[in-house]
Structures are given as C-alpha cells and as structure tokens.
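Student: I'll drop the sequence and a predicted model, then ask my questions.
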Number of protein chains: 2
Amino acid sequence: MSDSEGVASAVLAVDLGGTTMKGAVVDAAGRTVHEEAWPTPTGGELVIRVLGDLLVALRARGERLGLRIVAGSVVSPGTIDDATGMIGYASNLGWRDVPLASLMAERVGVPVVIGHDVRAAGLAEQRLGAASGVEDFVQVSIGTGVAAALFDSGTVALGATRSAGELGHIPVIPDGELCTCGQRGCLEVYMSGAGLARRYAARGGDVLQAERIVARLGSDPIADAVWADAVHALALGLTTVTLLLDPALVVLGGGLSRAGDSLLAPLRVALDDQLAWRSAPRIAVSTLGSDAGRIGASVLAFRSVGRDDVVSGWQREGVLAG
Amino acid sequence: MSDSEGVASAVLAVDLGGTTMKGAVVDAAGRTVHEEAWPTPTGGELVIRVLGDLLVALRARGERLGLRIVAGSVVSPGTIDDATGMIGYASNLGWRDVPLASLMAERVGVPVVIGHDVRAAGLAEQRLGAASGVEDFVQVSIGTGVAAALFDSGTVALGATRSAGELGHIPVIPDGELCTCGQRGCLEVYMSGAGLARRYAARGGDVLQAERIVARLGSDPIADAVWADAVHALALGLTTVTLLLDPALVVLGGGLSRAGDSLLAPLRVALDDQLAWRSAPRIAVSTLGSDAGRIGASVLAFRSVGRDDVVSGWQREGVLAG
C-alpha cells in the first residue's frame, strides 16, 4: 500500500513490559521492517520519557527506510482503556491514571493508540496465528504472572473497569497458598514463572528460573511436584473458563507456554478429566510467540487510522512478521 | 402501537421450564394482557406437542382480546442457538437437536424465535429491571440448579457451542462433593435448591425444600451449616466471575434469590473478603422475579419482527408487565 505520492505507509508498534519494551516498525504488508528492544526503566515518569524516546527513534528509523509513519500503538499490562487512551493502573510500570495515548502522540507527532498486551496478543493470534479464523477463544499468557483475553463471537471482553481477564487471580484452590495480591489460592500462585520459582525454592530446591525448573522435569522430584501442582491449577482455571465462556480454543502464550508437551500433554488429560459432561476446547501453543503483543499493537495502529484493509490483507495472505 | 387497520400488535412469550411452562400475551406497550401456566409433561415429543398447544391457545386468546399476534418466542434452559432456532440439548426437557423455532412457527402460524431462559431474563432485567442502564453485568439464576448470563458491553456471551454461562458447574471446591453432572465440587452442589435439600437431608435434617431450609436459618444448626457452605461456594464463584468478566453488577434471580438478606448480607461480606485487591461489583436481587424470562422472551419476539421501537419504548417509559 502506498499513498498518492508513492510512499509506503508503516506504523510504530511497542509491546511495553515490566522489564523490556519491544518496539517495531511494521509496514502495510505486515512486515516488521525494523525492531529494537530497550530495557524498561523503573519509575512511572521515567518509563513515560523512555517510551517516548523509543517511539521517536522508531519513527526516525522508519522514515530513513523511506516509509511514511501514519500511526503508533503501545500495548501494556494493566487497566487499559483503549477508547479514552488512559491507563488506569499498571503496577509494574508505576502508573496510575496516565493519559498515555495523548502523551505519546505529542512526543512522536503521529496519532498513538494504546491497548492491553494480552488482548493485543489474542488479536494477533486471531489475525495471523494459532486462533486464525476462530471467533470464540481464550488467549492465556503464562509469564511471570498469568492473564487472559476472552474472545466471544470475535469480540474481546473488556469489563466495566476494563479489567476483564484476570485469570491469574481466580481462586482455584480455596484457602490455598498466599498470593502476592493478598488473596489465597490464586491460579498464578501455582502456575506462573514467579509462582514456580518460589514454590520450588520453598521445597528445598535451588533458586532457579521457572524455565530451568521445567528443564529438570522427570529427573528432579521437587520439580515434578511443583509442576504437577501448576498443571492442576491451570486445568482447574481452564475448566472454569470453559464452563463460563465455552471457547472453541485455548491459545497458550508467554514464556511458560514454551514448555511444550511437558505442559500440553498433562494439561489436556487434566482438563478432560475435570470436564465430565462436555468436551474440552482445543489447546494450542501460540504461533507468534513473544511477537504476538507487538503484532497485535500494529493491528491496532493500522485500525486506528482506518486501515482495516491492511489488516485484512495480512489475514488473507497469511503474512507473518519478518 | 397499532397497524394500518388500527389493530394493536402483540406477541406470545413462553418461559419453558422443566416443571412449568409459563405463557403470556404481551402487547406493544409491554403489558402482559393475558398469562397462563401449564405443567410441563415428561418426554421430548410430548413437550413439543403441549408447548405447541399452549402457543395456539395463547394466540387464540390474544385474538379474542382484539390483538394481532405478530410473533412468538420460547425461552428454555439448555444449549440454545438463537440464530438457527435449534435446541442442541436440554436435559430436563428430553430434547436433543430439536428445530424448535420452525416446529412452533408451523404450529402457531406466526414466526417464532427461541432463546436461552437466563440470557432472556438478563435481557429483561437490563431493559426494565435491576440492570437497567448497565452494560457489563452478570445475571445469575439460582433455582433447582444455577446458570448465568454474562453481559459485556451490552452483549451477552454465547460461546462456541452456545453453552456459555454454566456457572453452576464451575469447580469451586476442587475434589469436593460429587455433582449429578459427574464432576466434583461444582458450585450448584452447594448453592442450589437441589444441592441444599440434598446436603441438609444428608446431615440428618428432614427432607425439605430449599426455601424451608432457608426459613430455619438462625434456629437450626444444620440449616445454618449448609447455608454457610452454600454462600461460601457462591462467593467463590462470583469472585472468579468478577476477576474474569469484571461486571459492574451481579443480578440474582431464581427461587433462592428470594432469601433476601439471608443471602445478600453474608454474600457481600464473603465476596469483599475474597477480593483482596479490587472492589466487588454491586449485588442486587432481580426486580422482575419469576417474570424475567417471559418478559425477555417478549423482547426477543418483538425484536425478531423488527419492532425494536416497541422494546425501546418499554425502556423509555419503564413500563412493567402488568
């Protein structure tokens, strides 16, 4: 796609996480023509400034590549109101009531929209990835914590305070272990990067990252035990999600989704066991992986300037970022 | 509202339950001008025949009152596909894959649409009742069993197989007591008419209907114990619903919602306790009571013939059935 002067259009897309902000310039064919990742600083004001710097740098890079930057999008965890461009609350970014969309638009000089990282990842999976062509599905991100995006008839649930999808904090084990959120027995106490590492260490294991714990499965009884609890907790959570939302598909993303069959095989058995009278939805691993949030952000950015033709073109041609 | 010949329009609305089918003729002002309730017979074929008889009788009655019957609607429990008019499965009606809408339209001679009873009740509460003006809310029916309708941004969740909202069967107590559905620890094992009666009798109490057990609260330790378990189970379920869907409001309907403050007071405390880091949604009792499903059916019927003007008129004037 090019405008009347023959210059190709592109958008800026940033997936803003608690440790890294991953930015990209994405052209109208859905290609990631440039990408860079910066560490996320600590402190709300500083995050705003550095995020603005990243967007400005991305815009300059895109223009050097001969592209016309038409919009930008930033997706992040937290309470995100896409419609007003406000971030209500994002604990690991140090934000409360930040008018992020307008702040960033001022800095970078193009319209900027914001979105929720997991909802954006689900949108990307629906458009280009594991949920292609599926209207009713649940995107589950299992990283340091757990969050979900619930799609029904193609539309994602937002909630009254834009806080829908807090799967990580549903009480799967009543009166279970204490969560950092103050509740007990939350799903992410057991199945999350932070939860696995904490529970493994508490049982006398080393202080290890969750991925290392998963690598020890089958040869380390402590790893096996905490993993079994984690899969059980996730299966309980997905049983509940299935009964409430009736999805056709569950897409697993986030770092722990890379556990592959160590996760999928026992999870499918547990979910089938727990659902006595109805069939389980399919369970698939994200095909876009850690790019899903950023690709979703680029979909949001093109949409915000009325370029749904671009986005549907991606779907038609199955173009992947690259 | 009247047509070109000056004859007022009306619809037929039936709320089809496992024990009773409640029918009404509802005019374009939202008034229930006639109603009658028939016992629901046993056996799938017989239910279809008697339901047809009821619709025919309602049509005749409406016409005797000088009304022109423009459409009908039947709402029922089960797996209901509003769009195709098929009932996939309704266990307590003995139905599987019944093309109910077309069967009834043939019998009664006007277009007939079908809907899910709790989703219809939620629609009625949103239009005329406790959820008036609320876009994000959850309608919970606590009768013999428990089911819910989940509204997000004004739209109700349907699910891939039209089975969303099975709140009664989410596993609130993992490895808890056995449910009739074959799963363990389902919400309705503890909080439902059937569950309360069964657990009360199992603890040495009399064989009593749930309403009678509620009437003994404060003077009967067995009643107090099973009620405490029931409220705890419902609070766990609503905690999960709140975290997943983020509703502004929970509307409680069904027979046990009439327990009033015996239900509301401890439920609010338990929900607040379980939600450590976010506020609880409001909890209200249905204002339409046992009429909600039938009123929702009449909304669906008017909508099906493009009479959204009628339905919005009800909202504007706050007309209640009567």
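Tutor: Alright, I've got the coordinates.
Student: list the contacts for the residue lying closest to A:Ser163 once chain neighbours are set aside?
Tutor: Take A:Ser163 and drop its neighbours on the chain: the residue closest to it by C-beta to C-beta, 6 or more residues apart in numbering or on different chains is B:Asp246, 4.4 Å away. Backbone N, C-alpha and C define where each C-beta goes, glycine included. Residues counted as contacts of B:Asp246 (C-beta atoms under 8 Å, 6 or more residues apart in numbering or on different chains) are A:Ala157, A:Leu158, A:Gly159, A:Ala160, A:Thr161, A:Arg162, A:Ser163, A:Ala164, A:Gly165, A:Glu166, B:Asp136.
Student: Give the phi and psi angles for B:Asp246, as a check.
Tutor: The phi and psi values for B:Asp246, taken as degrees, to the nearest 10, are phi 60, psi 50.
Student: what about it, distance to A:Leu51?
Tutor: B:Asp246 sits 26 Å away from A:Leu51, going by C-beta to C-beta, to the nearest Å.
Student: for whatever residue of the stretch 1-150 of chain A ends up closest to chain B, phi and psi?
Tutor: Across the stretch 1-150 of chain A, the shortest distance to chain B (C-beta to the nearest C-beta) belongs to A:Asp136, at 3.9 Å. Backbone torsions of A:Asp136, given as degrees, to the nearest 10, read phi -120, psi 100.
Student: does the closest residue to it other than its chain neighbours count as helix, strand or coil?
Tutor: Of all residues not flanking A:Asp136 in the chain, B:Ala160 sits nearest, at 3.9 Å (C-beta to C-beta, 6+ apart). With DSSP: H, G, I helix; E, B strand; the rest coil as the basis, B:Ala160 sits in coil.
Student: Am I right that B:Ala160 is in contact with A:Arg282?
Tutor: No: the pair B:Ala160 / A:Arg282 is not scored as a contact, 10.0 Å apart, by C-beta atoms under 8 Å.
Student: More neighbours: these two, which one.
Tutor: In this view B:Ala160 and A:Arg282 are compared by other C-beta atoms under 10 Å in any protein chain shown, and B:Ala160 has more residues nearby, 20 against 16.
Student: Pick out the residue of the stretch 51-200 of chain A closest to chain B.
Tutor: Among the residues of the stretch 51-200 of chain A, A:Gly159 lies closest to chain B, at 2.4 Å counting by C-beta to the nearest C-beta.
Student: burial of A:Ser279, as a residue count?
Tutor: A:Ser279 - counted by other C-beta under 10 Å - has 10 other residues nearby.
Student: The top helix by length along chain A and chain B, any residue contact?
Tutor: In chain A, taking DSSP state H as the definition, the longest helix is helix A:221-245. Yes: applying C-beta under 8 Å from any C-beta of the partner chain, one finds helix A:221-245 touching chain B at A:His232, A:Leu236, A:Thr239, A:Thr240, A:Val241, A:Leu243, A:Leu244, A:Leu245.
Student: so where do the strands sit in the stretch 101-250 of chain A?
Tutor: For the stretch 101-250 of chain A, the strands defined by DSSP state E, counting those that start in this stretch occupy A:112-116, A:137-142, A:146-152, A:155-156, A:249-253.
Student: Centre of the chain to the longest helix of chain A, how far?
Tutor: Once both centres are worked out by C-alpha atoms, centre = their mean, to the nearest Å, helix A:221-245 turns out to sit 19 Å from its chain's centre.
Student: okay, the residue nearest to A:Ala223 when sequence neighbours are not counted: pLDDT?
Tutor: Leaving aside its chain neighbours, A:Ala223 sits nearest to A:Arg216 (4.1 Å; criterion: C-beta to C-beta, 6+ apart). Model confidence at A:Arg216, expressed as pLDDT, equals 97.
Student: quick one, what contacts A:Ala10?
Tutor: Contacts for A:Ala10 (C-beta under 8 Å, 6+ apart) come out as A:Val25, A:Val26, A:Asp27, A:Ala28, A:Val33, A:Gly62, A:Leu67, A:Arg68, A:Ile69, A:Val70.
Student: top of those residues by neighbour count?
Tutor: Neighbour tally across these (other C-beta under 10 Å): the maximum, 28 neighbours, falls on A:Val26.
Student: In this model A:Asp15 seems to touch it, though I could be wrong.
Tutor: No: the criterion here is C-beta under 8 Å, and A:Val26 misses it with A:Asp15 at 11.8 Å.
Student: related to what we said a few turns ago, quick check: strands, which of the contacts of A:Ala10 are part of them?
Tutor: A:Val25, A:Val26, A:Asp27, A:Val33, A:Arg68, A:Ile69, A:Val70 (DSSP state E).
Student: And the furthest pair within these?
Tutor: Greatest spacing in the ones in strands among the contacts of A:Ala10, by C-beta to C-beta: A:Val33 and A:Val70 (13.9 Å).
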